[in-house]
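Asks: Here you go, sequence then predicted model.
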Amino acid sequence: MLKETHNSLSIPRILDANLNRAREGLRIIEEWCRFGLENSQLADNCKQMRQEIARWHTSELRIARDTPNDPGTALTHPQEETRSSIDHLLQANLCRIQEALRVLEEYGKLYQPQMGIAFKNMRYQVYSLESNLVKQTRYEKYKKSPLYLVTSPDDNILSIVEAALQGGLTLVQYRDKNSEDTIQLEIAQKLCQLCHKYDALFIMNDRADIALSVNADGVHLGQQDISIALARQIVGPNRIIGRSTTNPQEMAKAIAEGADYIGVGPVYATPTKPDKPAVGLDYVNYAKENSPIPWVAIGGIDLNNLNDVISAGAQQVAVVRAIMKADNPTKATQELLAKLSLK
Ligand SMILES: Cc1ncc(COP(=O)(O)OP(=O)(O)O)c(N)n1
Ligand SMILES: Cc1ncsc1CCOP(=O)(O)O
Ligand SMILES: [Mg+2]
């Protein structure tokens with residue numbers, strides 16, 4: 001099977017080690033797809049790839065293994081011993097799989113030409129798996145966030161948002177209708193890093209370009225903002241796109257255009273958006289009955305009326321003043337979350 005010029009055991013050992021590495025990495029990703037995301041299609045993709053790898057892992061390659069004499073077994077990097085989050089764990093293992101597949105592609109060419117081709121194809125499959133996984137992981141996190149903070153301009157914006165994150169907030173939108181682009185970019189960058197430090201999602205209001213440049217998790221667009229199709233071109237396939245809606249027609253259009261979630265409101269009239277009339281609880285109830293995608297109630301919501309919004313069917317709510325103007329944003333967040341968790 002081996003070409004004459006490569007009849008030592010070096011190449012079978014390289015192939016054996018990397019077949020193992022790729023399989024192990026895929027198994028780690030598969031477990032997250034299955035138990036974390038409960039996504040059987042992604043889990044099945046991983047399984048199919050593991051099975052294909054197993055078919056290449058013949059006894060000829062396995063018997064070349066010589067673990068006691070492998071100088072690499074004792075080598076670990078401190079980064080391999082710490083994983084700060086699921087995202088980090090997934091990233092590290094996807095990287096490991098891709099490296100292993102590249103080794104299999106290159107050294108596989110010396111073993112059997114078809115092996116190089118097979119592992120090149122698999123490398124592309126893993127790129128697309130990675131892309132799906134990033135989106136799904138983000139989207140699951142979005143769906144599990146009952147409370148959504150939309151910011152208002154404040155000199156202490158970072159410390160207010162951090163206080164809310166300490167209270168358990170997992171979803172933040174940066175909304176700033178007046179600052180210059182350079183200021184928005186700087187604040188967005190800082191907020192995005194802060195949110196990610198707390199394992200929370202960061203969404204940029206209005207500006208797909210800023211969302212992309214700061215590596216935000218998504219962008220929120222209103223009826224007057226750019227189209228979802230254009231935003232998708234700008235932010236790519238893996239970021240979340242939200243669209244504001246005030247009635248069933250706007251809801252149907254946003255869904256048809258591919259929004260990942262919709263805003264429903266303003267439920268109550270609000271000084272934060274004074275020119276926008278309230279849509280009332282009937283539209284909240286309509287969303288509960290009719291929206292096939294996640295939706296978030298927004299506008300004038302606070303601790304006093306939250307139960308009414310929940311009773312109308314809301315499972316996710318967005319607030320500005322209830323946190324940004326609270327005396328104690330950590331406590332306000334905890335109180336809002338406590339009510340939402342009783343729903
Ligand atoms: C979650 C959420 N819902 C609605 C809005 C409002 O968006 P839009 O209608 O574009 O108005 P502005 O916020 O841009 O003034 C939102 N930002 N977030
Ligand atoms: C941005 C936005 N979109 C609809 S209502 C609203 C503002 C909500 O602010 P508040 O929670 O302070 O009423
Ligand atoms: Mg807008």
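Replies: Yep, it's here. Numbers count the residues shown, from 1 in each chain. Ligands and ions are numbered 1, 2, ... in the order given.

Asks: And the contacts of the helix or strand of the chain with the lowest mean pLDDT?
Replies: Least confident helix or strand of the chain, by mean pLDDT, DSSP states H and E, is helix 59-62 with a mean of 90. Helix 59-62 is contacted from outside by Met1, Pro12, Leu15, Asp16, Leu19, using C-beta atoms under 8 Å, 6 or more residues apart in numbering. Every residue, glycine included, has its C-beta placed from N, CA and C.

Asks: Could you list the low-pLDDT ranges of this structure?
Replies: Applying pLDDT under 70 to the chain picks out residues 1-7, 66-84, 343.

Asks: what's the domain layout of it?
Replies: With domains defined by automatic domain parsing, the chain comprises 10-140, 144-341.

Asks: Can you show me the helices along the stretch 51-200 of the chain?
Replies: In order along the chain, the stretch 51-200 of the chain carries the following helices (DSSP state H, counting those that start in this stretch): 59-62, 86-111, 113-143, 157-166, 181-197.

Asks: how far away is the residue of the stretch 1-150 of the chain found nearest ligand 1 from ligand 2?
Replies: Closest contact between the stretch 1-150 of the chain and ligand 1, by C-beta to the nearest ligand atom, is at Val150 (5.2 Å). The span separating Val150 from ligand 2 equals 5 Å under the rule C-beta to the nearest ligand atom, to the nearest Å.

Asks: Count the neighbours of that residue for me.
Replies: When neighbours are counted by other C-beta atoms under 10 Å, Val150 registers 23.

Asks: mind listing what it touches?
Replies: By C-beta under 8 Å, 6+ apart, the residues touching Val150 are Gln173, Arg175, Asn205, Ile298, Ala318, Val319, Val320.

Asks: Quickly check these for the two that are furthest apart.
Replies: The distance between the two most remote of the contacts of Val150 (C-beta to C-beta) is 14.3 Å, for Asn205 and Val319.

Asks: what about these two, which has more around it?
Replies: Taking other C-beta under 10 Å, Asn205 and Val319 do not tie; Val319 has more neighbours (27 against 22).

Asks: Who's the closest spatial neighbour of Gly258, skipping the chain neighbours?
Replies: Excluding the flanking residues, the one nearest Gly258 by C-beta to C-beta, 6 or more residues apart in numbering is Ile228, at 5.3 Å.
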